[in-house]
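[1] got a predicted model here, sequence first, then my questions.
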Amino acid sequence: MMAILCLSSDLADMKKRLGEIVVAYTRDGRAVRAKELNVTGALTLLFKDAIKPNLVQTLEGTPAFIHGGPFANIAHGCNSVMATKFALKFADYVVTEAGFGADLGAEKFLDIKCRFAGLKPDAVVIVATVRALKMHGGMDKKDLGQVNMEALERGMQNLEKHIENIHKFGLPAVVAINAFPTDTKEELDFVEAACNKRGAEVALSEVWAKGGEGGLKLAEKVEAAMNKPNNFHFIYETEQSVAEKITAIAKEIYGADGIAFTDAAKKQLAEIQELGFDKMPVCMAKTQYSLSDDATKIGRPTGFTVTVRELRIAAGAGFIVALTGNILTMPGLPKKPAAENMDIDNEGKITGLF
């Protein structure tokens, strides 16, 4: 439902997509759609208000839409098409977020959302931290405040792969280094030089400390990148087979040697083709902790194979979900969810929201 909401162009399109949801199969294997149960209208009216993008503002008065939340490790990881298109009508420049790196959020934003919405981005910002790079270089989390140039150099390979991935789509990349007080000039200079060597501009982002003023240099570099010519294209075409599309993502974006399908997944591949769903884009469900499907493989792993254990049809959203590794399809929650603190009394007073 969240994916459908985020990929719908308007209420009529959402109604059509909800009707395409596969709810069952007949005894002879035919897919039964929600519209055959005459429930499309009932489903759609639940989203009468939810489909409207929510306009908010930053502390400095900048307008922002918050609309939708499909997690990029298990879904397509972008805000709604409607919010993005509204923003494009109201502003000269629109920044939108795609979660979990260039291997997950960015790939799905570009291959799925842009394909459906007809969007052509001008540039991509990759957000990085020195601390995260050192962690990818093998440092323990409790030691990340210490200077370790060897670990930083090893971890830099991870960021280099994300830059390469954006270039594979034919887009310019700008790296925003989210600065921490523990970062040293030596570390920051090293990251900038390494990014420049890979063809990406770098800007230090201090928005967390200085507000908009801390992002001026980043904004200038993004504006310059947007004015560069680009050759935006997809990593795969929908006419390719499902296996070919998955292989293209795994090899080009993750850096895998290849793909392995479990017996169950092989059977589902055949079923998807037989049912006529094989020409849809692919949405990979993969860990956000590694470029591979193994969360323990940090940095830039090589010599690995991505295992697809299950394929699911998201007919309303319009894509095939490929589950890899040990990924869970429930969004992550803290040990004590915020909902446990929320309550309402007999007078209607709400507590625990903040």
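    Perfect, I can see it now.

[2] can you map out the strands along the chain?
    Secondary structure of the chain (DSSP state E): strands located at 22-25, 31-33, 54-57, 63-66, 124-128, 173-178, 201-205, 258-261, 282-285, 305-314, 319-324, 343-344, 350-351.

[3] please produce TSV containing those strands, extended by mean pLDDT, distance to N230 and mean neighbour count.
    Where you see a C-beta, it was placed from the backbone N, CA and C, and this is true even at glycine. Below are those laid out as TSV (pLDDT from 0 to 100; distance: least, CB to CB, whole Å; neighbours: other CB atoms under 10 Å):
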stretch	mean pLDDT	distance to N230	mean neighbour count
strand 22-25	95	37	13
strand 31-33	96	39	16
strand 54-57	94	29	12
strand 63-66	94	24	14
strand 124-128	97	10	21
strand 173-178	96	10	23
strand 201-205	96	14	20
strand 258-261	96	29	16
strand 282-285	96	24	26
strand 305-314	96	28	20
strand 319-324	96	25	23
strand 343-344	96	51	10
strand 350-351	94	47	10
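
[4] now tabulate those in JSON lines and tack on distance to Y236.
    Shown next, in JSON lines, are these (distance: least, CB to CB, whole Å):
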{"stretch": "strand 22-25", "distance to Y236": "23"}
{"stretch": "strand 31-33", "distance to Y236": "24"}
{"stretch": "strand 54-57", "distance to Y236": "33"}
{"stretch": "strand 63-66", "distance to Y236": "29"}
{"stretch": "strand 124-128", "distance to Y236": "18"}
{"stretch": "strand 173-178", "distance to Y236": "20"}
{"stretch": "strand 201-205", "distance to Y236": "28"}
{"stretch": "strand 258-261", "distance to Y236": "13"}
{"stretch": "strand 282-285", "distance to Y236": "8"}
{"stretch": "strand 305-314", "distance to Y236": "15"}
{"stretch": "strand 319-324", "distance to Y236": "12"}
{"stretch": "strand 343-344", "distance to Y236": "48"}
{"stretch": "strand 350-351", "distance to Y236": "47"}
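
[5] quick one: closest of these to K134.
    K134 lies closest to strand 124-128 among those, at 11.2 Å (CB to CB).

[6] tell me which of the strands of the chain lies nearest to A193.
    Across the strands of the chain, closest to A193 is strand 201-205 (CB to CB), at 8.7 Å.

[7] would you give the sheet partners of that closest one, along with the direction of each?
    According to DSSP bridges, strand 201-205 forms sheet pairs with strand 173-178 (parallel).

[8] could you check how far the partner strand is from the centre of its chain?
    Remark: strand 173-178 is offset 17 Å from the chain centroid, using CA atoms, centre = their mean, to the nearest Å.

[9] what do you get for stretch 22-33?
    Per CA atoms, centre = their mean, the centroid offset for stretch 22-33 relative to its chain is 31 Å.

[10] not counting sequence-adjacent ones, nearest residue to F277?
    Spatially, and ignoring its direct neighbours in sequence, F277 is nearest to I313 (5.3 Å; CB to CB, 6 or more residues apart in numbering).

[11] please disregard the earlier target; I meant M284.
    Closest to M284 by CB to CB, 6+ apart is A322, at 5.3 Å.
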